[in-house]
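> coords please:
(2 chains)
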Amino acid sequence: MSEHTQEIAHIQQKGELRYLFVKVGHDHFGIPIDSVKEVIELVETTMVPMCSDVIRGVINVRGSVIPVLDLQSRLGLKSTTPYDKYSCIVLYDFFDQSLEESMTLGMLVNSVVSIEFIDLNKLESSPSFGSNIPRHFEWKMAKINNKLTTLLDIEKVLNVNEINTSLKHEQEQFFINYCQR
Amino acid sequence: MSIDLSSAIATFVTESKELLQEMENGLLDLESENSQEHASEIINALFRAIHTIKGSAGIFDFEHVVALTHIAETLLENARNGELQLDKELISLYLEARDATETLITLAASETEPDADLLNKVNHLAACFAKYIKEQNDEPENISSTQVTSGNKLDNERWVLFFVPNENVLRNGLDPYSFIHYLDSETSELKVNTWFDAMFGPQQFDPESNYLSFILSFETDKSEDEIKDVFEFIQSEAYIAILPPHGDAEIVKSSIQKYQDIDFVTHALKDADPTFSDIIQLLSKKEQPENTELVETAAGAPTPANTSKIHKSKTLRVEALKLDRLIDQVGEMVITGARTNLLAHETGNETLIEAMALLERLVENIRDSSLKLRMVQIGETFNKFKRVVRDIADELGKQVDLTIVGAETELDKTFVEKVSDPLMHIVRNAIDHGIEDPETRKANGKSELGQLTLKAYHDSGSIVIEVSDDGKGLDQERILKRAVDRGLVSANQTLQEKDINLLIFEPGFSTAESITNISGRGVGMDVVKRNIDSLRGSVEVESNPGQGSTILIRLPLTLSIIDGFMFEVHKENYVIPLDTVVECLELHEVVSEQDIQDKSYINLRTEVLPFIRLRTLFGIEEQIDHTRESLVIVQFGTLRAGLVVDSLKGEFQTVVKPLGRLFEGLKCISGATILGSGNVAIILDVSALIKSAISVYEALEKKH
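Numbering: from 1, shown residues only, chains lettered A, B, ... in the order given. The predicted structure is shown next:
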């Protein structure tokens, strides 16, 4: 663990960060790689009933049940691209400060593109408007192969409390729909 | 001595706490006990408890504990002899002493000195005890002094004690060393002579047997009885004879026969007291012939009478963590077993399938027994309330009698821990708000003695804990008014009776005009609701004005592994607890398609049964043929309803896997499970599902 933090410190000293770039819809997005546990192929997911599209379902990863978020839906992309044989689930390990527990979530992406070093000094701020995803999900823009790519603010994207609240609301809505029918 | 005592101290602390708890129960029983025989039994038990604590505390040099328990024990000795009646006042004193001892032990174990307050209290308690003892003490002294018998006196200056533990003492959990050690702390200049030659005897050495016998000598100013008390616990398991200074020769004579080696005895006695010369003559003259004879028989069959006495211990302490790990592993085994079974079926090999079926049954048994390991009786928790009820009732000047029913009902250890707190709140509330003071009760034509009942039983796959009182019941008008004042409900809302009752569980809700020490702050009851909810249980309140109220807590049986019933909806598998399923039917057999086109209930054997079509609830547009649909009838408590599903998959053992924080608070989904195929199935909370549907229906109706 200390080795790991040392490595991060080292990288930060050099002003570089490693990012995993994934394709969600038609766009590329960057995810900080140090918390990515593994990338697995898209397996069949089990639908969780009465949940919004944000939850793709749950999967079995070596005996534990892990929720998978549909990143297209979570980022609120208007036009959705169907998932195919290149689609992957990125398993992301993180420690939730407010809950003081670590958890693993899966993020379903259309494909994994590359791993790049990002020069921290050459980042640009995200556009004040005009982006295709909500602004609070964007952290910075980085230039990869002369193309501006969004680096995601992963803490906001995987805000468990927020998703949980919306899920509860969603479930209520399912019941109302059912009973009103 | 540099032995690490920490683990021994930890054991001592847990043991003492248990003993103290026993003591408390005993004291409280004593208060209501009329039969003399039972009372003396209880006093004996109390005495043993105090004595054990004192003895063990002595081993660890916990002076404060020893001091307090010693004086408490001394007084109890009088009660045991029937010279002192334990009245209510004295029982209170003992209860206080119990509490103080517990605090002292905890402090001592953590190596902190007790503070001045506590010491004052202890001293006060000791003084109280001493007062009683003084009143009592004159007579027994006389008795013991007159007891000195005339006879063949010896010339020994020091005390001599013959101590021959049986072969089985170690097996029975008694360590002779601890008694000697304790004797050492009670007396001065202890000398120990140990005879251990039996260890090298002809028969095979058994490490669990005791081969040692001792001759101890010491100086003390204590009475013979007090010395005897040191060995009280080992009395039935050992030969003990005490020879006071200038004691009776008969004692030596009869004691020597217990030892197998005369030379040793002579040597030991010489060593014990150099001035002791009578003994030599005594041994060389008369005892010699008699002894050789005895040695033979003793060597031939060492303690034959006692071999059958080995009793098996009834309980075994196991670390909770180990147990959890075992249950986890059994859970994994269940999953893998199911998967292997599936594979076996695929091969079509009959012998293999049969063997697998056998294996699966065994695994099932293991699962059941390992789950039972976690089950504990609720009685222990209930018993704690005896004290609580007594104390609160005293404080409020009320008379309350606690009845416990179903103490043997077993439930998961986790539940026992978590249910104790809510129960405490409910009991406090019942006494404070429910049960009236004696005058009011008399005026209302009730007996002055209020009745409070704690009851536990199993009911259709869940455990029910009931707390009922015969007090004044809930004042629904006041509750409603209060709720409107607080803005919990709007004034024009009409609520059903049971809903009004449930308002008492809202946070910050209290109808008490004044806040007392015991209740009224309105924090208690919402804790109850929250804790019970977190255990996937539910709370109901029944109340009859003037006749009392009952609070029902319903808890599921276990947390981790359940017998599930699996069905399919839109190609996904779902599991519900098997014990909620009443029956399964083909939907088209009980009702035609036209009959349920626009309504969601059927007429099943002249009973109206509302149902939920899961396909529609889950928002799946696609319809399937009516003839293919199945109906699962579920029951939860008094609620009965149907679930319309695509197809039935049957019984299935499931290990409940948590779904994590992301899905927390989603009422209808209680977890997930991994199937034999490796796929995940969602476990539905049927009761929440139906309740949610009902509440939404009700809410919609009000709007119209």
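> Chain A contacts on the stretch 501-650 of chain B?
Residues of the stretch 501-650 of chain B lying close to chain A (C-beta under 8 Å from any C-beta of the partner chain) are B:569, B:570, B:572, B:573, B:574, B:612, B:614, B:616, B:617, B:618, B:619. For the C-beta atoms, the positions are set from N, CA and C on the backbone; glycine is no exception.
> could those go into JSON lines alongside neighbour count and pLDDT?
Output for these, formatted as JSON lines (neighbours: other C-beta atoms under 10 Å in any protein chain shown; pLDDT from 0 to 100):
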{"residue": "B:569", "neighbour count": "23", "pLDDT": "93"}
{"residue": "B:570", "neighbour count": "16", "pLDDT": "90"}
{"residue": "B:572", "neighbour count": "21", "pLDDT": "91"}
{"residue": "B:573", "neighbour count": "18", "pLDDT": "92"}
{"residue": "B:574", "neighbour count": "24", "pLDDT": "94"}
{"residue": "B:612", "neighbour count": "22", "pLDDT": "91"}
{"residue": "B:614", "neighbour count": "24", "pLDDT": "92"}
{"residue": "B:616", "neighbour count": "16", "pLDDT": "89"}
{"residue": "B:617", "neighbour count": "23", "pLDDT": "90"}
{"residue": "B:618", "neighbour count": "18", "pLDDT": "90"}
{"residue": "B:619", "neighbour count": "14", "pLDDT": "87"}
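> can I get these in CSV with distance to residue B:333 and secondary structure?
What follows is those, written out as CSV (distance: C-beta to C-beta, whole Å; DSSP: H, G, I helix; E, B strand; the rest coil):
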residue, distance to residue B:333, secondary structure
B:569, 29, strand
B:570, 31, coil
B:572, 26, strand
B:573, 21, strand
B:574, 24, strand
B:612, 35, strand
B:614, 31, helix
B:616, 38, helix
B:617, 35, helix
B:618, 32, coil
B:619, 37, coil
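> will you turn those residues into CSV that also has distance to residue B:26?
Listed next are those as CSV, based on distance: C-beta to C-beta, whole Å:
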residue, distance to residue B:26
B:569, 57
B:570, 61
B:572, 57
B:573, 54
B:574, 52
B:612, 54
B:614, 55
B:616, 61
B:617, 56
B:618, 58
B:619, 61
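> Go through those and say which is closest to residue B:597.
Nearest to residue B:597 among these is residue B:616, at 12.4 Å by C-beta to C-beta.
> if I pick the closest one, what's in contact with it?
Contact partners of residue B:616, counting by C-beta atoms under 8 Å, 6 or more residues apart in numbering or on different chains, are A:178, A:181.
> got it, and the one 4 residues further on?
Contacts here follow C-beta under 8 Å, 6+ apart; on that basis residue B:620 touches B:569, B:570.
> Who does residue A:141 form a beta bridge with?
residue A:124, residue A:150 (DSSP bridges).
> And stretch B:397-409, how far out from the chain middle?
Centroid displacement of stretch B:397-409 relative to its chain, using C-alpha atoms, centre = their mean, to the nearest Å, is 17 Å.
> Tell me the buried residues in it?
In terms of neighbour count (16 or more other C-beta atoms under 10 Å in any protein chain shown), stretch B:397-409 has its buried residues at B:398, B:400, B:402, B:404, B:406, B:409.
> which SS state does the first one fall under?
Going back to what we said before, that points to residue B:398. Under DSSP: H, G, I helix; E, B strand; the rest coil, residue B:398 falls in the coil class.
> List of residues touching the helix or strand containing residue B:584?
In the assignment (DSSP states H and E), residue B:584 maps to strand B:581-586. Outside strand B:581-586, the residues within contact range by C-beta under 8 Å, 6+ apart are B:565, B:604, B:627, B:629, B:630, B:631, B:632, B:633, B:634, B:635, B:640, B:648.
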